[in-house]
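**Student:** Sharing a model prediction with you, sequence too.
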Amino acid sequence: MLLDRRTALVCAALIGCAITTPNFAAEVETDKPSDRYTDIVKADEPIAYWRFQDAQGDTVRNTIAAPEAEALLDGTVVGKVSPGAPGPQSPDFPLFGSDNLSVRLPAKGSYVRIADPGADSPLDFDTGDAITIEAWVNPKLTSGRDYHYIIGKGRTNHPDFARDNQNWALRLQSPTGTLSFLFRSRGEKGEWHRWTSKEGLGGDSGWHHVAVTYTFGEEKSLVGYIDGRPVKGVWDSGGATDRAPVVDDDEVRIGSTFHGGAFGGALDEVALYRQALAPERIAARYRYVAPELRPIVWEEIPNGTLWVDIFEGLPNRRSWEFRPPKYVESFTTSTLAFVAVPKKYDARGLQKDRSNPFLLRAAGTFEIPAGSQQILLRSRNAARLYLDGRLIAETKFHSISSSAHGRVFDVDTSLAPNIRPLRRGDTETVAVIEGDGKRHHLRFEMIVGGQGHRPEFGETSVSIAAPGEDFRLVGSGGTFLLTDEGWTEFKRGERQRIAQLSAESRHVAGSAEAEKWAQRHAAARDVIAGQDKPVVPEVAETAEVYNDIDRFILAQLEKAKVAPAALTDDYSFLRRVALDVTGTIPSEAHLAEFQADQDPNRRSRAIDRLLAEPGWADNWMGYWQDVLAENPSLVKPKLNNSGPFRFWLHESLADNKPFDRFVTELIRMDGSRRFGGPAGFAMATQNDVPMAAKAQIIGRAFLGLNMTCARCHDAPFHDHKQQDLFALAAMLDRKPLRVPKTSSVPGDEESLASMIVEVTLKPGSQVAPEWTFSELIDDAALTEAAASQADPREHVAALITSPHNTRFAEVIVNRMWKRYFGRGFVEPVDDWHDVEPSHPELLQYLARELVLHDYDLKHIARLILNSRTYQSEIGELSEEQTQLFAGQVPRRMSAEQLVDSMFAAAGKPLRAGQLCLDPDGAMKLDTATNLGEPLRAWEFASLSNERDRPSLALPFAQPFVTFLETFGWRSARQNPITERDDDPTVRQPAVLANGVLGRRMTRLSDDSAFTRLAQEEQPVERLVERVYMRVLTRKPTAQEQTLFVELLSPGYVERLEDLPQAVEKPQRLPLGMVSWSNHLSERANAIKIELQRAVERGDLPTSRLNTDWRERMEDMLWALMNSPEFVYLP
C-alpha cells in the first residue's frame, strides 16, 4: 500500500518504531511538565513534529527522528526567524514547562522550509488520505483580512512546479483569528477550496492551540479545533468537494508562502499526521489554568462609588469560559447602569475601536435595605451580578436573528407599577434576596459586543425594589427610578458625563502628539517670518476702525468713494454673532449678561464668551459635513456612503484643533472606521475608485481645486487632467491605480476626437502616486516634504498644509470670511481657477494670521467678529458695495440654525429618538449603523427608508429631516458641496407655519420654557417683552406691544389652573418594540403608524394654564416664529 511505502521512509523516525532516546535534553523521559505535552503528541504517531525548543543555527529538528536518521523532515530557517521566544509555559499551561520556548516569525520572507523527500513522500496527501495539522500559535493579528500561514505544502513559486500547487495549508485570518484550511483541486479545471471557521481566537489573547482534521475526497469530513474544542465552519470558496488535491514534490513551509501571508507572531509545537485524530485526542492537548483578573481592592473604593474596569481581547464566542483578557483602563461612576463607556484613543488622540467583544466589570459597596428585595438585572449581552462573591443573577447572550421575520413581543410592566418596559434586544432577570440594612460588595460583569455586532449596552442596569414598589437604579443614593422619566433623566446626565470622560482621555492620549504639532507650528512661524508681510493701509483719521481688517476694507471703500454702512445696534449684533458662533439665537442668560456688562468693550467680551461655548463646534458641523461629503448610512450602505466620521469632526472642532492638524488627520484616514474616526472618511461604498472621490473632496475643500470633470476625462474648462486626479488618488491609496472603464468616457478614438473633452488616459492605464500641483508649492518645499514623509498620505498632508503652500491658508480664511459675510474674497470659494481676489492684501493678511497663530480658526473668527466691518448694518447694497463689503447682506439661517434656534427658544429637547434601524443590535456592524439620539440638528442623517415600509420609518426623526431638507440641508451627501440651494420656496413658509416642528415650538407644553415664563408673576407687558427678547432678541415696538398686550390681557389674571390631586397619565406609546429583525411583521407596521400619529398630534398642552388663554399665547408665538425676522440674521 502507498501508506506502507511512505511509512517505511520514516520508520526509524516514528515514535512507535523508535527504540532509542531522543537527544534533546528537554525530551528525556522524566516527570517534568514539558514532557506531558510531548508524550501526548508522540503517542498519536505524527510523521513530523517541530518543537522549536532547541533550534540549532539554521536547522529546526523534526523531533521524532531517531539520532541515526538522516535529518529526515528537518527544517531550514530562511530570513529573520528568531528562536528562543517564550512559548506556552506553566503555570498557565500546565502541560508545558516554565522554560518552554517557541520561534518568532516577525517579517515577510521569514519562514522554515522542509524539503519533500520525493515521490510518494509522507508529506504528500491524495484522495483517501487523512490529515491532521496542529500547532500552538500566538499571532499578531491585523485590522484587515490578512492571512497568516502556519504551515502549508506548495505554492512556493518554484520554477519546477505549477504556481498554484497548494496540496494543503493551515492558516489564520485576521482580524479575529479564524481558522483557514486551503487546498487546490487538480486538473485543468482545478479550483481553490477554502474552509473557514465561524469562530476565531479573539483579540490579543496570547497562546492558543489550533488544529484541523480532514480526509481528502470526503467532502464533509473536515473538523476544526480551537483550544481543544471543535468549531463550526463553512467552505466559503470552491465549496466542499470530493476532488483530488494537487500533489507534487514541492516543499513545505512553516510561517509563509511565496505570495506572502507572513505569520507575524510566535509558533510552537507544529505537528503533522497521516490520520484524522479523534476529538478526545485533540482535547487532551489543551490544558489552561486561568490567572485571576486584575484584583478588586474593595477598601480603596469609596462607599456609593463604582470602580469600572475594561478588559479587551476576549474570544469571539458566546461563552464565559475564556482566559483573562487584557486590562485596558478604569473609570468611576456612581450608578450601576450603562449606556456607553468612554471612548478609546490612540497615541495621536484619535478614536480607535475596542476589541469586539470586551469585558466590563464594575464593583462597589452599597447598602441593601432590610427585608425582601428584588434585584432586577437588565443587559444587552450576557451579564453576571455577584453579591459578596456569590452569583445571584445572570442574563443570556444576545441572540436575535436579523432575518426581519421576528415577532413583536408585548410590553410587560407587571414587575413594578411604573416600570420602564424592557427594550427589544435587551434581556432581564430578577433575583429575590433578603436584605439586612448593611453594606455589601456588588460586582457586575458584562461581555459587550461580539459575533460581529456593535458593542452596545442597550439599557443595561441593576435596580432594586421591595415587592410592589418601583425599582430604583443601584447607586446615586437611589435618585433615579427605573421609569421612563427616571431613565431619561439618568441617560441625559450620563451622556454628558461620558463625553467629558472621553474628552479628558483624548487630551491625555494625544498630549505627545500635541507637542509634536507645537514644534511644527514653531517652524511654520519661522517660515512665515521670512516671507513678505502685507502692508496695512492708512485710512482717514475720521474713519471708524476696530482692527486692521477695517483698514483694508476702508482703504478700498475710500478709493471707490463708497461710504461704509452704519454700525448695527446692540441687540442685532448679539443675535447675529450668537448665530454665527454657536448656531442658535441668544438665550435670556446671554441677553442678561450682555445687558449687565457696562464695559466699553462689551461686544468684544461677548464674542469671547460665545467662542468659548460648545456651540462653536455644533455650528461648524453642517458646513464641514457638506464640504467633506460625510455620508453615513443607517443600513446596508449604497453609493458613496462614508463612515460616520462626524464624531471625529465634532471632537476636533470642540477641541479647537489646529486646522493643519485637522486636515492631516483627515488625509491620514486612521482611527476607527465605523464608530466615528477619520478612517470613516476613507469609505466610499460602491465607488469604482474610492480614493479618486476622496482626492476630489480634498482638492476642493483645502486647495480650491475643482477636479470634478477630471474623474472621467481631462477637464475642459480647468487646467486639470485626469492624470492629476488619479495621481493624487494613488498617493491617498498608497499604491498605483488603474483607471477603470467606469471612470472613462466610452467611445472609439474617432468619436472621442469629436468631443469637447479630451481623454488622455485610456481605461486600464496605471497611474503612479505623484504630486502634480507644483504651482502651489515651490520645489524646495516639495523636496523637504518628500524627504520627511515616506507614507504617501503623510506626503499629501505635508504638501497641503505646508506654510510654503500659501493657497491652503488662503482657502481656509476665505471660507471663514464667506461664512460671516455671505461672500468670499474669491468666488466660488472651492474653485480658484483663473480668479482674482477682491481684497488680495487682506486675504494674505488673514492667511498669515492663521499660520502665525498655529492655524487657530477661533483666532481668525475673533479678528473678523471684532471688526467694524462685520458689525455693520444690513442694507440694500449695490453690486459694487457688496463686492467692497460696505455693509452686511441679508443672510438666512441655515437649516440647522433654524431648527436649533426654534428648540432653544422653546427650551425643549429635540426628542427625535435613536437614529438606528437596528436598535436591538441583530444586524452585523458592517450593515447597520447607530448614530445615537440627536441633541443638535447636525446629527441627523438620511433615514434610509427607500423601501417605504412603515415599519422601517423613524417617526420622531422624520419631521426634523423633512424640515431640514425643506431649508436646503442634504440628508445624503454623495458629493461635496460648499453652497447649498438656499433659494426661497413655497414649501418653506408652509412647513414652518404648519409642520410638526413649528407646532412643537409654539405649543405650551409642560416642558416648554414659554410655559414656565407664562407661570411667573409679572405684568403682561413684561411677559410680552420677555417673549420678544427670547424669540427675536429685541424689545417690541410700541405698536407690537399694544397688539399683544391686548391679545393676552383677557383672562391673564386667571390664566393659572389648579392641578387635580391625581393627574391622569398620558397613554404609554409602544416604544422600543420594532427593529429590522421584526419589521416584516404586520404588527410592526401598525405600531409605527400609531407612533406617526402621536408625532403628528404634537406635544401635549399643559394643564397648568387656562386653555383659551394658552391658545392665544401660542398664537403670539406662532406669529413671531413665522416672521421673516426670526428666520434671517439681523
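**Tutor:** Received, thanks.
**Student:** Stretch 449-462: how far from the chain's middle?
**Tutor:** 16 Å (C-alpha atoms, centre = their mean, to the nearest Å).
**Student:** switch to numbering from 168
**Tutor:** All right, first residue 168 from here; so that's stretch 616-629.
**Student:** Go through that stretch and flag the buried ones.
**Tutor:** 616-618, 620-629 (16 or more other C-beta atoms under 10 Å). For glycine as for every other residue, the C-beta is placed from the backbone atoms N, C-alpha and C.
**Student:** min pLDDT across the residues you listed, which one?
**Tutor:** In terms of pLDDT, the lowest of those is Gln618, showing 89.
**Student:** State the distance from that residue to Phe842.
**Tutor:** 17 Å (C-beta to C-beta, to the nearest Å).
**Student:** hang on, the earlier thing: for the buried residues of stretch 616-629, work out which two are farthest apart.
**Tutor:** Taking C-beta to C-beta, the two most distant members of these are Gln618 and Val629; they sit 23.9 Å apart.
**Student:** How much space separates the closest residue to Gly847 other than its chain neighbours from Pro255?
**Tutor:** Using C-beta to C-beta, 6 or more residues apart in numbering and skipping the chain neighbours, the partner closest in space to Gly847 is Gly810 (2.2 Å). From Gly810 across to Pro255, the span is 38 Å (C-beta to C-beta).
**Student:** now swap in Tyr314 and tell me
**Tutor:** Distance of Tyr314 to Pro255, computed by C-beta to C-beta: 23 Å.
**Student:** Same drill for those two, tell me which one is more crowded.
**Tutor:** Shown here are Tyr314 and Pro255; by other C-beta atoms under 10 Å, Pro255 has more neighbours (26 against 19).
**Student:** May I ask you to confirm that the more buried one is in contact with Asp435?
**Tutor:** Yes - contact status for Pro255 versus Asp435: in contact at 6.4 Å, counting by C-beta atoms under 8 Å.
**Student:** Arg271 in helix, strand or coil?
**Tutor:** Following DSSP: H, G, I helix; E, B strand; the rest coil, we place Arg271 in the strand state.
**Student:** OK, contacts around it?
**Tutor:** Applying C-beta atoms under 8 Å, 6 or more residues apart in numbering to Arg271 gives the contacts Val248, Ser249, Pro250, Ala252, Gly432, Ala433.
**Student:** now the strands: where do they sit in the stretch 918-1067 of the chain?
**Tutor:** Secondary structure of the stretch 918-1067 of the chain by DSSP state E, counting those that start in this stretch: the strands cover 933-934.
**Student:** how about low-confidence regions in it?
**Tutor:** 918-924, 946-947, 949-955 (pLDDT under 70).
**Student:** Which members of the contacts of Arg271 occur in helices, if any?
**Tutor:** Counting by DSSP state H, no part of those is found in helices.
**Student:** Scan the chain for its longest helix.
**Tutor:** Max-length helix for the chain by DSSP H is helix 651-676.
**Student:** Next secondary structure element downstream of that helix?
**Tutor:** With elements assigned by DSSP states H and E, the helix or strand that comes after helix 651-676 is helix 678-696.
**Student:** CA atoms only for that next one - export them in CSV, please.
**Tutor:** C-alpha atoms of helix 678-696 as CSV (Å, rounded to 0.1, in the frame of the first residue of the first chain):
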residue,chain,number,x,y,z
SER,A,678,-0.6,65.1,24.6
ALA,A,679,2.6,63.9,23.0
GLU,A,680,1.1,64.4,19.5
ALA,A,681,0.1,67.9,20.5
GLU,A,682,3.7,68.7,21.5
LYS,A,683,4.9,67.5,18.1
TRP,A,684,2.4,69.9,16.4
ALA,A,685,3.6,72.7,18.7
GLN,A,686,7.1,72.2,17.4
ARG,A,687,5.8,72.1,13.8
HIS,A,688,3.9,75.3,14.4
ALA,A,689,7.1,77.0,15.7
ALA,A,690,8.8,76.0,12.5
ALA,A,691,5.9,77.3,10.4
ARG,A,692,6.1,80.7,12.2
ASP,A,693,9.8,80.9,11.2
VAL,A,694,8.8,80.3,7.6
ILE,A,695,6.2,83.0,7.7
ALA,A,696,8.5,85.4,9.4
